[in-house]
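**Q** here is my input, please return the structure:
(chains A and B)
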Protein chains: 2
Amino acid sequence: MRILISGFGTVGQGFAEVLASRRAFFEKRYGKEVKIVCVMDSNTYVCDQNGLDPIELVETKQTNKKVGTQKYTDSIQIMDSVDYDLLVEVSPTNVKTGGIGLINITHALECKKDVITVNKGPLALNFDKLITLAKKNKCKLRFEGSVGGAMPIINLCHENLIGENIRSIRGIFNGTCNFILSKMDNGQPFEQALKEAQQMGYAETDPTNDVEGFDSACKVVILANSVFGRNVTFSNVDITGISSVTSEAISLAASHNMVIRLIGEVSDTKLEVSPRLIPKGHPLSITGTLNAAQIVSDLAGPITISGRGAGRLETASAMLSDLISIMDDRE
Amino acid sequence: MRILISGFGTVGQGFAEVLASRRAFFEKRYGKEVKIVCVMDSNTYVCDQNGLDPIELVETKQTNKKVGTQKYTDSIQIMDSVDYDLLVEVSPTNVKTGGIGLINITHALECKKDVITVNKGPLALNFDKLITLAKKNKCKLRFEGSVGGAMPIINLCHENLIGENIRSIRGIFNGTCNFILSKMDNGQPFEQALKEAQQMGYAETDPTNDVEGFDSACKVVILANSVFGRNVTFSNVDITGISSVTSEAISLAASHNMVIRLIGEVSDTKLEVSPRLIPKGHPLSITGTLNAAQIVSDLAGPITISGRGAGRLETASAMLSDLISIMDDRE
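**A** Numbers count the residues shown, from 1 in each chain, chains lettered A, B, ... in the order given. Next up, the predicted model:
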């Protein structure tokens, strides 16, 4: 299995480290190596058909701030110069145009390569086109890490619950908002909770993407398309963020033994992100930066899964499960 | 796929109904029928190699209180008279001897038949012997429904998290205890909460098996053996139930923003069931009859899954996922 990695920030580096740590696992399960044959960051690249050492790649990136010694301007040209089986596309996301991620994923699928990505932009904007292309070319497009980080929501729906009729998914898909709302439960006003989230590194300087619900909306779109077979995009989501949630609303909820959480909801007919009242003790009433999703299906009823929504190894964990599924299918 | 069902109470009937409701699914996915060729209840049986109608079987059982017109005394003799591929063993559990379930499962595996069961007794007492027999004869023994009902904890560990090193599992494995403790959170004393659980049909007249933690201990043993590869049995578990949890302890916990929950914990070295303090807002602080389990692994960190721990269709849902896995493997 020869892997080309596009994007070598936190997630790409975490994935490389996980590959190094799972060498014995791959050897035992498949009797073969998983090799990284090429890595591209934003403007440099390094390739070796004999395989690159994952740990050395990470060290080089951290020392030199770039992964390669050679510069490039056209990622397609680099991709075409490499023999690879699988593209791991983890370049910075662009939810307006799909960015370089959309270009690279499309090209890999056109070349009949399997793809693993956590890049929300291309999936939220062009899901139908990409999945249709993958099916046509009989290759896999997997994206477990794009929704809920380490929380295996997509594979849970596609594999464990394959015999169920899934009615709806409601969930907390943004850890930053959940952190802020949890702090507000303890009496902090919104602005102060946001400031603390920024100090902790959970929220960006411009927090719009998180607090206005745009990030959650991307995830809702991915679930709508992949689990419910819909053909929707970002602009179809009804979005209300948490910036207008007041301390008074939080107190009023608490007096009824409830909390307010930013919930994304998707079903055959719904596509919404908004603050909702959740009873304390309900599986979606969790505090902190966790993500959670409740899947309601006809036999199992409600099943809730929660886990860390982000993080270097946590996201790599989701990508590892995608890689194992792809390799199992090839056996 | 020809199925022999042993045990035709709530769970067996629920499974038959689910098979009927999934006829189109099986046809589409495998291009073949799933037939029930024989059903045994506690002392009658009915067989037909052409397939029995699942809904008629349920109606007969509910009308006549027995599924068959013919009586039997030796289940092995009936099993040997039928051509089947898979035994579904859902007879009443016996955690002291393993009961008829242990006899039937052992015999089916000896005859190289696949087995799906939710029968905790045989699994908690003889796991190692059964799984070794299954491996030797290259057949499958699956038991997702034996722990946590609809909550797909075992398949989550074995499939979604296959590349992870699982460090520990801590969970709420008994809905009756969780219902009682949730009522105590609201100020009810233990005896009153237990009485309400009995009135609701959640607790039995003799509640020992639930409230003393024995049922949770069975599940902890199944997880220890199946997920951690240990070879332990019921008597190896350190068990403390909830009958000694006082209203004072609950109030004291609440004053520290905590709840008390009956937690089963298993790791390479731990095997314990006991009441524990859980912070409010933690994924294991859930209320009501739900089951929940938190799996901690090296990459994903903590992942928590919760769902209905019991119920006719909920348990059948777990058995359906086992059936689909077995049929996928045969493709």
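
**Q** now the lengthiest helix in chain A: buried residues?
**A** Criterion DSSP state H: the longest helix present in chain A is helix A:312-330. In terms of neighbour count (16 or more other Cβ atoms under 10 Å in any protein chain shown), helix A:312-330 has its buried residues at A:312-327. In this view, the C-beta of every residue, glycine as well, is placed from N, C-alpha and C.

**Q** likewise stretch A:183-203?
**A** A:183-185, A:188, A:190, A:193-195, A:197, A:202-203.

**Q** and whichever strand or helix holds A:K219, what does it pack against?
**A** Assigned by DSSP states H and E, A:K219 falls within helix A:214-227. Packing contacts for helix A:214-227, counted by 3 or more Cβ pairs under 8 Å, 6 or more residues apart in numbering or on different chains; DSSP states H and E, involve helix A:120-136, helix A:153-155, strand A:166-172, strand A:238-239, strand A:258-267, strand A:271-279.

**Q** closest to B:G213 out of those?
**A** Closest approach to B:G213 among these (Cβ to Cβ): strand A:271-279, 27.0 Å.

**Q** the helices in chain A, which residues?
**A** Going by DSSP H, chain A shows helices at A:10-21, A:23-30, A:54-64, A:75-80, A:99-110, A:120-136, A:153-155, A:175-185, A:190-199, A:208-211, A:214-227, A:247-255, A:312-330.

**Q** redo these as CSV? Include mean pLDDT.
**A** Shown next, in CSV, are these (pLDDT from 0 to 100):
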stretch, mean pLDDT
helix A:10-21, 96
helix A:23-30, 96
helix A:54-64, 97
helix A:75-80, 97
helix A:99-110, 97
helix A:120-136, 96
helix A:153-155, 94
helix A:175-185, 97
helix A:190-199, 96
helix A:208-211, 96
helix A:214-227, 96
helix A:247-255, 97
helix A:312-330, 94
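
**Q** so which of the helices and strands packed on helix A:214-227 is nearest A:T287?
**A** Using Cβ to Cβ, the helices and strands packed on helix A:214-227 put strand A:258-267 closest to A:T287, at 8.2 Å.

**Q** just how off-centre is the closest one within its chain?
**A** Distance, stretch centre to chain centre, for strand A:258-267: 19 Å (Cα atoms, centre = their mean, to the nearest Å).

**Q** try stretch A:117-129
**A** For stretch A:117-129, the distance to the chain centre is 10 Å (Cα atoms, centre = their mean).

**Q** can you check stretch A:241-258 too?
**A** The chain centre lies 29 Å from the centre of stretch A:241-258; the measure is Cα atoms, centre = their mean.

**Q** what sits closest to A:S182 if chain neighbours are left out?
**A** Nearest residue to A:S182, sequence neighbours excluded (Cβ to Cβ, 6 or more residues apart in numbering or on different chains): A:T287, at 4.0 Å.

**Q** how far away is the residue sitting furthest away from the middle of chain A from chain B?
**A** No residue in chain A sits farther from the centre than A:S255, which is 35.2 Å out by Cα atoms, centre = their mean. Between A:S255 and chain B the distance, using Cβ to the nearest Cβ, to the nearest Å, works out to 16 Å.

**Q** kindly report the same for A:P122.
**A** A:P122 is 24 Å from chain B, by Cβ to the nearest Cβ.

**Q** surely that residue meets A:T97?
**A** No: taking contacts as Cβ atoms under 8 Å, A:P122 lies outside contact range of A:T97: 9.4 Å.

**Q** these two: which is more packed in?
**A** Taking other Cβ atoms under 10 Å in any protein chain shown, A:P122 and A:T97 do not tie; A:P122 has more neighbours (30 against 12).

**Q** check contacts around the closest residue to that one other than its chain neighbours.
**A** Using Cβ to Cβ, 6+ apart and skipping residues adjacent in sequence, the residue nearest A:P122 is A:L102, 4.0 Å away. The contact partners of A:L102, by Cβ atoms under 8 Å, 6 or more residues apart in numbering or on different chains, come to A:94, A:121-122, A:125-126.

**Q** run through the bridge partners of A:L290.
**A** A:L290 forms beta bridges with A:R308, as assigned by DSSP bridges.

**Q** pLDDT score for it?
**A** If you check A:L290, the pLDDT there is 94.

**Q** check A:V95 too.
**A** For A:V95, the model assigns a pLDDT of 86.

**Q** state the distance from it to A:N236.
**A** Noted for A:V95: a distance of 14 Å to A:N236, by Cβ to Cβ, to the nearest Å.

**Q** what do you get for A:F26?
**A** Counting by Cβ to Cβ, the gap from A:F26 to A:N236 is 40 Å.

**Q** the more surrounded of the two?
**A** Set side by side, A:F26 and A:N236 give different neighbour counts by other Cβ under 10 Å, the larger being at A:F26 (18 against 13).

**Q** burial count for the nearest residue to the more buried one once chain neighbours are set aside?
**A** Of all residues not flanking A:F26 in the chain, A:V34 sits nearest, at 5.0 Å (Cβ to Cβ, 6+ apart). Applying other Cβ under 10 Å, we find 21 other residues in the vicinity of A:V34.

**Q** who are the contact partners of A:V34?
**A** A:V34 makes contact with A:1, A:3, A:19, A:22-23, A:26, A:323, A:327 under the criterion Cβ under 8 Å, 6+ apart.

**Q** of the residues you listed, which is the nearest to chain B?
**A** A:R22 (6.0 Å; Cβ to the nearest Cβ).

**Q** surely that closest one and B:G163 touch.
**A** Yes: shown here, A:R22 and B:G163 form a contact pair, counting by Cβ under 8 Å, at 6.0 Å.

**Q** spell out which parts of the stretch 201-331 of chain A neighbour chain B.
**A** A:280-283, A:285-288, A:290, A:292, A:297-308, A:311, A:313-314, A:316-318, A:320-321, A:323-324 (Cβ under 8 Å from any Cβ of the partner chain).

**Q** write the PyMOL selection for whichever of the residues you listed are buried.
**A** Restricted to buried positions by 16+ other Cβ under 10 Å, the PyMOL selection for those reads:
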select buried, chain A and resi 280+281+282+283+285+286+287+290+292+297+299+300+301+302+303+304+305+306+307+308+311+313+314+316+317+318+320+321+323+324
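
**Q** go ahead and confirm the residue nearest to A:S182 touches A:N186.
**A** No: using Cβ under 8 Å as the test, A:T287 is too far from A:N186 to be in contact (9.1 Å).

**Q** quick check: A:S226 vs chain B, distance?
**A** Distance from A:S226 to chain B, counting by Cβ to the nearest Cβ: 16 Å.

**Q** so what's that residue closest to, chain neighbours aside?
**A** A:I154 (6.1 Å).
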